[in-house]
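J.: Whatever this is, show me its structure:
(2 chains)
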Amino acid sequence: MMETKQIAEGETFPRLLLRHAQVRPKRPAMREKDLGIWQCWSWAETNAEVRQLACGLAALGFRRGMTLAIVGDNRPRLYWAMAATQCLGGIPVPLYQDAPAADMRYVLEDAEIDFAVAEDQEQVDKLFEIKEGLNRISHIIVDDQRGLRHYGQPELHAYARLAEQGAQFDREHPGFFDAEVAAGKAEDTAVILYTSGTTGKPKGVCHSHRAMIATAQTLVDFDGLNEDDNILCYLPLAWIGDFLYSYSQSMLAGLCLNCPESPQTVMTDLREIGPSYYFGPPRIYENILTQVMIRIEDAGWIKRTMFHRFMALARRVGLRILDRKGDVAWHDRLLYAAGELCVYGPLKNVLGLSRLRVAYTGGEAIGPDLFDFYRSIGVNLKQLYGMTETCVTVCMQKSGEVKLDAVGKPMRNVDVRISPEGEVLVRSPGMMQGYFKRPDATLEAIIDGYFHTGDAGFFDEDGHLKIIDRARDVGRMADGSLFAPKYIENKLKFFPFVKEAVAFGDGRDECMAFINIDIEAVGNWAERRGISYSGYTDLAAQIAVYDLITGCVEQANADLARDAKLSGSQIRRFLILHKELDPDDDELTRTRKVRRGFIAEKYAVLIDALYSGKASQYIETQVKFEDGRQGKIAADLRIHDVKPRDVGAAA
Amino acid sequence: MSRQRTIGEVILDLQNISLSFGGVRALADISFDVRQHEIRAIIGPNGAGKSSMLNVINGVYHPQQGNIVFRGQTRHRMNPTRVAKGGIARTFQNIALFKGMSVLDNIMTGRNTKMKRGLLANALWWGPARNEEIAHRHKVEEVIDFLEIQHIRKTPVGRLPYGLQKRVELARALAAEPEVLLLDEPMAGMNVEEKQDMCRFILDVNDQFGTTIVLIEHDMGVVMDISDRVVVLDYGKKIGDGTPADVMQNQDVIDAYLGTSHQEM
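T.: Just a heads-up that it's a prediction; the model follows:
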């Protein structure tokens, strides 16, 4: 702790690296599994590698203020390239390695790239393809030489060869490297990260050393990270998450970064390394859980029974034990300890989560079952909130103060306000310098020092920020209360029986919903009850199914009722659609997001029926079958009423 | 990217090979040569004698007539062990791996001709035997890295999908560091993506290690794309030999493939 406190104003990443090389020269800084063996580089070795590469780049003519693109998977050499660029006062621009050439071309042009470090032949080919007709990229440095023996292009340099040249350059120009590092200022741009272009062209977010270091320091203090910690780097280099949680945190805390052998071996590598800090979007946790469940169902009955028994116990008491609440009976504690020995411990070990101190997820809403599963077996999974422009790190959950549907309290020195329209505004030390070459966009995003996130949210009674939807999707009910369709739909979709939900209520006095049942989950449920059905349409129309879904909706309402701001948008009536929403019928986007506007138009007659209080409505719908044929599905849809809960009522 | 290579001298020369099983004439007076560093394809309809040809090179079958000149040494018949030690490795049409063993162990077996230490030393994993195994393992890991199968290193082969098993078989052959690699339908039963991968690996092997490759393949697209020279067999006879473009123009070949010869018309 002593030492981290000393990190003063005005530091840069290269100077932090130098300090680690002096303070902890022998401690591991980086590992990578190569040829089946974990290779390790100490801080001193890392420093030497970075120095060589930086000098090599300088020998090629790389100068202060230039940009350098980095394309590839998480490899030590690519991280070193970032550091080397920063040593020379240049700006690394990591790119998404799986981006198609056209997208990459835009970024390379926009960021004015002349130097690129590429992982392998695949990326080199892509760069050469982009290079045609582009008067840029004069040097490409490649890490893995495989397949490149016959490439004669003068622009191409082998990484190892360049490092040798760097060592020579260093000998011939003593003092050059140190002078360059000393010349770096905290206000210099440390990195440019391009936001994914889901809305328009990608924009380059520029972060200074000061912002990144201040944020990383906050994070390191928040979870008490130190040189004994290990992180597995598997997220794309181009994403702020990797730059912040891997690169920046290791530079601050002196912890060790571990690079997987290949993208396919991440699960095995995770198990071998046993990281102490882990970050992943919800879908990664979901994948892991799915694999566990599949393998458990294939296991012998003794293991299976044991697993289910102990998981039931974990669900009952695990969360309270993790949060150190005192109200767990002693025999439950004893049983839980036995469970740790027989089930939870071995399970965590197989998943590589044994040594985990904290795990984070963020980016999208996480389902309650998923979240509780990890927490109940003792994995300290927490949520956080933030975006590229603010170095993520807006809100994070403290251990022991974890809630499913909030993202925690604002971090140290971060100021979060809610605009009158309900948009979340952020001012933080991690604020970007601006969008690269886009002063107009910067002015639009940062107003009076506050970054406009575009997310709608509010603070709950404990001061935790709750993000409910994108601000532009949030509407108002006729009485002026909030209507956040995605929040409501997510609440419904977390039930395994509900596949899709569409909520309506903007400008109305009551909230209504269309529901798609999950044919597998509900089908399975129906079979166990001896309910026969011929297909989706038939199953969806069954009274028993309606009753099942009514139960789900009531629970969702109870959840909504707990929040004064959202209780006005409880679902009053719903119907189960006679067909599954389908991207082929334009009802969903290709990424399976509901197209609310289109659905409202297409099924206007159903919405009218919902609001006019009818008990059923006949509808005919054109559908496209998988083989391209057109057909019609007609049905008489039942409409069910649901009783709303009183505000503040407990579930 | 065009591949610039130097095709070398003749490394394997088959002279007037004839092979019969009882009354069945599998190969009749076939001659062709394989040059160092080239990719040589053998094509032909079913039952043309392609696999028999590989088996002759490999020493599994002994031809009744003809000579095989391998690296300047003329032999009437080959012997599988000697062939393997001499630097010829192969894969099989129907995968011949040890299903219950891990991918790693399977590939290790490819090193067996190069292992010098005795049974006892290896069983005790003592001294030189240990160092030897570490060196072999290193080589095997290079092959694993080369063929991008790190993620299945410890998986039993029997549990792998077909396409990957084919790749493991190639890995085992490569582990022997062969000078000549015989591939018997390396792409049979694969989907387009798997075929593309396999093509890339074959070209990479040829480029990186300079391995000479003799391959049997049915997919004409693949053959035309990757091979330097093609020999065409039909009913045990050679009906064409030359560059892919030449062979495509050859009337006999067209007839054999379109089935207009023989009985019809």
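J.: In the stretch 351-500 of chain A, what residue lies closest to chain B?
T.: Nearest residue of the stretch 351-500 of chain A to chain B: A:Gly352, at 14.7 Å (CB to the nearest CB). Where you see a C-beta, it was placed from the backbone N, CA and C, and this is true even at glycine.
J.: list the contacts for that residue?
T.: Taking CB atoms under 8 Å, 6 or more residues apart in numbering or on different chains, we find A:Gly352 in contact with A:267, A:269-275.
J.: Same check on A:Tyr245?
T.: Shown in contact with A:Tyr245 (CB under 8 Å, 6+ apart): A:219, A:231, A:235, A:277, A:279.
J.: element containing the first one, please.
T.: Element membership for A:Leu219, per DSSP states H and E: helix A:209-223.
J.: Surely B:Leu170 is in a helix?
T.: Yes. Assessed with DSSP: H, G, I helix; E, B strand; the rest coil, B:Leu170 lies in a helix.
J.: from memory it sits against B:Leu183, does it?
T.: Yes. Counting by CB atoms under 8 Å, B:Leu183 is a contact partner of B:Leu170 at 7.4 Å.
J.: what's the overlap in contacts for the two?
T.: Between them, B:Leu170 and B:Leu183 share these contacting residues under CB under 8 Å, 6+ apart: B:Thr91.
J.: Enumerate the residues of the stretch 101-250 of chain B near chain A.
T.: With the criterion set to CB under 8 Å from any CB of the partner chain, the stretch 101-250 of chain B comes near chain A through B:137-138, B:141-142, B:144-146, B:148, B:150-151, B:153-154, B:204, B:207-208.
J.: Sort out for me which of these are in helices.
T.: B:137-138, B:141-142, B:144-146, B:204, B:207-208 (DSSP state H).
J.: got the buried residues for stretch A:151-160?
T.: Neighbour counts over stretch A:151-160 (16 or more other CB atoms under 10 Å in any protein chain shown) mark A:151, A:155-157, A:159 as buried.
J.: cool, and stretch A:132-150?
T.: Neighbour counts over stretch A:132-150 (16+ other CB under 10 Å) mark A:136-137, A:139-145, A:147-148 as buried.
J.: So which residues on chain A come close to chain B?
T.: Along chain A, the residues adjacent to chain B under the rule CB under 8 Å from any CB are A:34-37, A:125, A:146-147, A:149-151, A:261-262, A:264-265, A:268.
J.: cutoff 10 Å now
T.: A:33-37, A:121, A:124-125, A:128, A:144-153, A:260-269 (CB under 10 Å from any CB of the partner chain).
J.: Out of those, which sit inside strands?
T.: The strands, defined by DSSP state E, take in A:33-34, A:37 from the residues of chain A next to chain B.
J.: Now for the residue of the stretch 151-265 of chain B found nearest chain A: which residues touch it?
T.: Here the stretch 151-265 of chain B gets closest to chain A at one residue, B:His151, 3.6 Å apart by CB to the nearest CB. Taking CB atoms under 10 Å, 6 or more residues apart in numbering or on different chains, we find B:His151 in contact with A:260-269, B:103, B:144, B:164.
J.: Top of those by number of neighbours, please.
T.: Ranked by neighbour count (other CB atoms under 10 Å in any protein chain shown), the contacts of B:His151 have B:Val103 at the top, with 27 neighbours.
J.: Let me see the contact set for that residue.
T.: B:97, B:140, B:144, B:149-157, B:159-160, B:164-165, B:167-168, B:171-172.
J.: Please state the offset of stretch B:15-22 from the chain centre?
T.: 20 Å (CA atoms, centre = their mean, to the nearest Å).
J.: low-scoring stretches of the chain, by residue?
T.: Because you didn't say which chain, this covers chain A. In the predicted model of chain A, residues A:1-8, A:196-200, A:590-591, A:626, A:647-651 satisfy pLDDT under 70.
J.: my question was about chain B
T.: B:1-5, B:258-265.
J.: does A:Val379 really touch A:Gly280, like I thought?
T.: No. Counting by CB atoms under 10 Å, A:Val379 does not reach A:Gly280; the two are 11.6 Å apart.
J.: Grab the nearest non-local neighbour of B:Asp145.
T.: Counting by CB to CB, 6 or more residues apart in numbering or on different chains, A:Leu35 is the residue found nearest to B:Asp145 once chain neighbours are left out, at 6.0 Å.
J.: picking up where we left off before, could you work out the most separated pair of the contacts of A:Tyr245?
T.: Greatest spatial distance among those (CB to CB): A:Leu219 and A:Leu235, at 15.2 Å.
J.: For the two, indicate the residue with more neighbours.
T.: Taking neighbours as other CB under 10 Å, A:Leu219 and A:Leu235 compare with A:Leu219 leading, 26 against 18.
J.: Next up, the contacts around the more buried one.
T.: Neighbouring residues of A:Leu219 by CB under 10 Å, 6+ apart: A:225, A:244-245, A:248-249, A:252-253, A:277, A:360, A:384, A:391-393, A:396, A:411-412, A:430.
J.: The residues you listed in helices, which ones?
T.: Taking DSSP H as the definition of helices, these contribute A:249, A:252-253.
J.: Just the helices from the stretch 501-650 of chain A, written as ranges.
T.: In the stretch 501-650 of chain A, the segments counted as helices under DSSP state H, counting those that start in this stretch are A:519-528, A:536-541, A:543-561, A:596-602, A:604-612.
J.: What segments of the stretch 151-300 of chain A are helices?
T.: A:159-172, A:176-183, A:209-223, A:240-242, A:249-253, A:266-273, A:282-298.
J.: What of the stretch 151-265 of chain B?
T.: Going by DSSP H, counting those that start in this stretch, the stretch 151-265 of chain B shows helices at B:162-175, B:192-208, B:220-226, B:244-249, B:251-258.
J.: just those: most buried one?
T.: helix B:162-175 (a mean of 22; mean count of other CB atoms under 10 Å in any protein chain shown).
J.: Tell me who's in contact with B:Ala256.
T.: By CB under 10 Å, 6+ apart, the neighbours of B:Ala256 are B:43-45, B:48, B:232-235, B:237, B:239-240, B:250, B:262.
J.: Just these: which are in strands?
T.: Applying DSSP E to the contacts of B:Ala256, the entries found in strands are B:43, B:232-234, B:237, B:239-240.
J.: so A:Leu353 touches A:Leu347, yeah?
T.: Yes. Taking contacts as CB under 10 Å, A:Leu353 lies within contact range of A:Leu347: 8.2 Å.
J.: what touches both of these two?
T.: In terms of CB under 10 Å, 6+ apart, A:Leu353 and A:Leu347 are both contacted by the residues A:377-379.
J.: Share the number of residues neighbouring A:Arg309, please.
T.: 14.
J.: swap that for A:Ala29, please
T.: By other CB under 10 Å, the residues close to A:Ala29 number 27.
J.: For it, give me its contacts.
T.: The contact partners of A:Ala29, by CB under 10 Å, 6+ apart, come to A:17, A:20-21, A:40-47, A:49, A:76, A:79, A:227, A:250-251, A:254-257.
J.: beta partners of A:Gly631?
T.: A:Val623 (DSSP bridges).
J.: Show me the two of the residues of the stretch 101-250 of chain B next to chain A that sit farthest apart.
T.: Within those, B:Lys154 and B:Asp207 form the most distant pair, 29.1 Å apart (CB to CB).
J.: Done for today, thanks.
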